[in-house]
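[1] My questions are about this predicted structure, shown below with the sequence.
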Amino acid sequence: MIARRSTSILLTAVLSHAACGDDGATSASDTADTTTTTGSTGTTTDDDPTAAPTTTTTTGTGLTEGETGTTEPVTSTTVDVTTGTTSSTTTLDTTGDTTSTTPGDTTTGDTTTSTTTTTGAVDDTAPVVVLARPFDNVHLASRRLVVTGEATDDVEVVAVDLVVNGEAPVALPVVPGPVLEFSADLRLRRGWNTVELIARDAADNSGSSVRHVHVGVPVAAGGAHSLALTGGAAWGFGRNNEGQLGVGDLVDRLEPAAMLDLDDAVSLSANLNHSLAVTESGAVKVWGRNDEGQLGQPPGADVSTPVALDLPEVVLVAAGQRHSLALTEDGQVWSFGLNNAGQLGRDGDSLPAVVPGLEDIVAVAAGGTYSLAVDGSGAVWAWGNNADGQLGDGMTLDSPVPKAISMVDAAAVAAGKAHTLAVAPLGGLAACGLNVSGQLGDGLNADNELLPVAVPEFADVLTAAASGNLSLALAGDAALWAWGQNFSGQLGLGDDADRPAPTLVPGLPPVRAIAAGFAHTVILDENGGVWAWGLNSFGQLGKGDSGNATNSAVPLLVSLP
């Protein structure tokens with residue numbers, strides 16, 4: 001069981017003054033839960049999507065999800081940092097007093113300075129800021145992230161500033177007090193983001209906590225091939241009969257080989273036999289099978305060397321079995337490839353075009369023959385094949401246009417062959433669709449679910465992945481959980497028995513990014529190491545051999561050149 005713990009384009013922050021609250025202990029694997037009173041926030045770079053800047057810090061503790069609840073005044077502020085526009089609503093308390101907004105510290109360059117002003121009795125103790133969610137250096141398949149935490153002081157906290165990607169500090173409305181619990185709903189940019197919360201007390205002492213968050217997934221797993229961005233290079237291994245490794249030929253690779261023209265990639269996606277990447281500049285590169293136009297080009301010959309598509313600036317991509325999605329900077333979704341079940345969400349040919357009716361999209365996912373998107377309000381949109389209820393609308397009729405899934409508030413989504421996972425903003429998980437192997441995680445191995453059901457194990461999921469009949473979730477303590485089909489050991493649990501409920505994958509260091517293939521799993525750890533396990537029919541585990549006899553039911557560290 002998981003412990004129940006509790007630039008950017010748009011920020012929404014809500015702070016509440018809690019009468020009291022004790023910090024819960026932070027997992028040992030959350031190695032970068034940090035608090036600073038002075039020091040550098042670091043400089044972000046996309047040269048290596050697995051490496052984030054460091055900060056001089058001291059270790060803090062986490063805030064549990066259960067340690068909330070207050071009837072004190074709550075003020076919410078929405079800030080567009082690109083224009084400097086701020087709007088706020090202040091709620092009166094029961095005595096008629098109003099909350100107040102106090103300007104916070106200023107930040108110059110990458111340095112936050114702690115200062116002390118004394119009058120009478122000396123107060124030289126800086127506030128402590130603890131960010132409980134997320135852990136540092138996590139990689140997400142969504143622009144939306146809710147950050148939660150707590151600021152405490154021996155007297156009272158009077159101001160809290162939010163700084164995203166070194167932009168000007170945004171003073172958040174607070175109710176002064178010794179303990180402030182806060183959450184911030186962020187819209188992050190492609191690649192690395194730096195998020196800092198700075199608290200100040202009445203004596204002008206200040207303390208802060210920083211997180212580095214990467215929008216984009218640096219690992220991908222297809223039908224029988226694997227991809228990874230680490231150490232400033234791009235690697236591919238496994239099946240390559242249709243050029244899906246992007247190495248310039250059609251020869252399988254049993255060990256990692258350098259992919260071509262992808263040194264500037266910041267995110268990957270793969271499915272059956274084709275692959276996609278997003279670069280630092282927002283370009284999309286494609287390679288592999290193209291019989292249905294899934295590479296965004298007229299259907300035809302396979303492509304063994306990554307080529308760029310002519311699309312607007314892109315943030316994230318998603319590969320289905322024979323179709324693809326691209327989320328652009330302006331919040332639109334482009335689709336291309338096979339449309340036999342309405343998975344493109346529009347009329348027209350296989351070439352890239354905008355999916356009508358969608359706006360302010362923050363995440364996308366592509367399943368076997370269906371598609372998903374999440375908008376900025378948390379609504380999940382689904383379209384395409386619905387034979388097993390994967391669209392979550394209570395029916396089994398296909399939909400050629402996007403329709404909203406009811407009763408779901410999401411920050412991110414994942415799509416398997418015919419099942420859907422939706423990650424809630426604060427970490428809950430819901431699932432719908434095919435459940436023949438227990439891939440919905442509800443403890444049953446029988447009926448499909450036509451409406452979303454809660455996955456009962458989880459209260460703190462940061463991101464999820466799915467493919468085939470396999471499901472994965474990365475928890476707030478950097479642990480990996482797996483469930484569903486396991487005929488080749490793809491769950492990493494040491495056997496080949498299916499699991500109808502989430503099960504902790506043992507033997508891994510803290511995990512930073514996850515990817516699910518048809519019958520194998522690939523992850524990135526906190527040190528930039530790549531791990532793989534499951535089916536090895538074409539060398540997709542990267543360990544130098546191939547064939548079903550070489551499958552691995554336990555995680556293996558891939559040896560990179």
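    Received, thanks. Residues are numbered from 1 along each chain as shown.

[2] The longest strand belonging to the chain: what's the following helix or strand?
    The strand that spans the most residues within the chain, counting by DSSP state E, is strand 144-164. Next along the chain after strand 144-164, taking DSSP states H and E as the criterion, comes strand 170-172.

[3] Could you tell me how far that next one lies from the centre of the chain?
    25 Å (C-alpha atoms, centre = their mean, to the nearest Å).

[4] Mind checking what helix or strand follows that strand in sequence?
    For strand 170-172, the succeeding helix or strand toward the C-terminus, using DSSP H and E, is strand 177-187.

[5] Strand partners (parallel or antiparallel) of that following strand?
    strand 11-17 (antiparallel), strand 144-164 (antiparallel) (DSSP bridges).

[6] buried residues in the longest one?
    Taking 16 or more other C-beta atoms under 10 Å as the basis for neighbour counts, the residues of strand 144-164 that come out buried are 144-153, 155-164. No exception for glycine: its C-beta is placed from N, CA and C like everyone else's.

[7] how close does S226 sit to L557?
    13 Å (C-beta to C-beta, to the nearest Å).

[8] still on that earlier bit, in a markdown table: the strands paired with strand 177-187, plus distance to V354 and mean pLDDT.
    Listed next are the strands paired with strand 177-187 as a markdown table, based on distance: least, C-beta to C-beta, whole Å; pLDDT from 0 to 100:
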| stretch | distance to V354 | mean pLDDT |
| --- | --- | --- |
| strand 11-17 | 26 | 39 |
| strand 144-164 | 21 | 95 |
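
[9] Looking at those strands, which is nearest to V364?
    Of all the strands paired with strand 177-187, strand 144-164 sits nearest to V364, with 12.1 Å by C-beta to C-beta.

[10] just how off-centre is the helix or strand hosting A257 within its chain?
    Under the criterion of DSSP H and E, A257 resides in strand 253-258. Its chain's C-alpha centre and that of strand 253-258 lie 27 Å apart, by C-alpha atoms, centre = their mean.

[11] do stretch 193-208 as well
    26 Å.

[12] now swap in stretch 299-311 and tell me
    27 Å.

[13] which outside residues touch that stretch?
    240, 242-243, 245-250, 259-262, 277, 283-293, 295-297, 326, 328, 334, 350, 352 (C-beta atoms under 8 Å, 6 or more residues apart in numbering).

[14] Which of these are buried, as a ChimeraX select command?
    Selecting the buried subset of these in ChimeraX, with 16+ other C-beta under 10 Å as the burial test, is done by:
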select :240,242,243,245,246,247,248,259,260,261,262,277,283,284,285,286,287,288,289,290,291,292,293,295,296,297,326,328,334,350,352
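
[15] shaky segments in the stretch 301-450 of the chain?
    Regions of the stretch 301-450 of the chain meeting the criterion pLDDT under 70 are absent.

[16] As a check, name the ranges of all strands in it.
    Secondary structure of the stretch 301-450 of the chain (DSSP state E, counting those that start in this stretch): strands located at 303-308, 314-319, 323-328, 333-337, 353-354, 361-366, 370-375, 380-384, 399-405, 412-415, 419-423, 429-433, 449-454.

[17] Domain parsing of this protein, as residue ranges.
    In terms of domains, the chain is parsed into 11-90+124-215, 219-557 (source: automatic domain parsing).

[18] Need the distance between the two termini of the last one.
    The one in question is domain 219-557. One end of domain 219-557 sits 14 Å from the other (C-alpha to C-alpha, to the nearest Å).

[19] thought G345 was touching S371?
    Yes. Counting by C-beta atoms under 8 Å, G345 touches S371, with 6.1 Å between them.

[20] Overlap of the contact sets of these two?
    Joint contacts of G345 and S371 (C-beta under 8 Å, 6+ apart) are 335, 355, 383-384, 402.

[21] show me where the chain has helices.
    Counting by DSSP state H, the chain has no helices to list.

[22] Spatially central residue for it, please.
    By C-alpha atoms, centre = their mean, the chain has its centre lying nearest to L140, at 2.0 Å.

[23] right, and that residue touches A464 too?
    No. Using C-beta under 8 Å, L140 makes no contact with A464, being 10.4 Å away.

[24] Deepest-packed of the domains of the chain, please.
    domain 219-557 (a mean of 22; mean count of other C-beta atoms under 10 Å).

[25] How far does that one sit from its chain's centre?
    That offset, for domain 219-557, works out to 12 Å (C-alpha atoms, centre = their mean).

[26] Residues touching stretch 406-414, excluding its own?
    Contacts of stretch 406-414 with the rest of the structure, by C-beta under 8 Å, 6+ apart, involve 140-142, 144-146, 362-365, 372-374, 378-380, 392-393, 420-425, 430, 451-452, 463-466, 471-472, 516.

[27] Show the end-to-end separation of that stretch, please.
    Start-to-end, stretch 406-414 (C-alpha to C-alpha) is 17 Å.

[28] Could you do stretch 512-529 as well?
    10 Å.

[29] ok, now stretch 538-548?
    9 Å.

[30] ok, now stretch 293-307?
    14 Å.

[31] returning to that earlier point: go through the strands of the stretch 301-450 of the chain and name the closest to D545.
    Of all the strands of the stretch 301-450 of the chain, strand 303-308 comes closest under C-beta to C-beta, at 23.3 Å.
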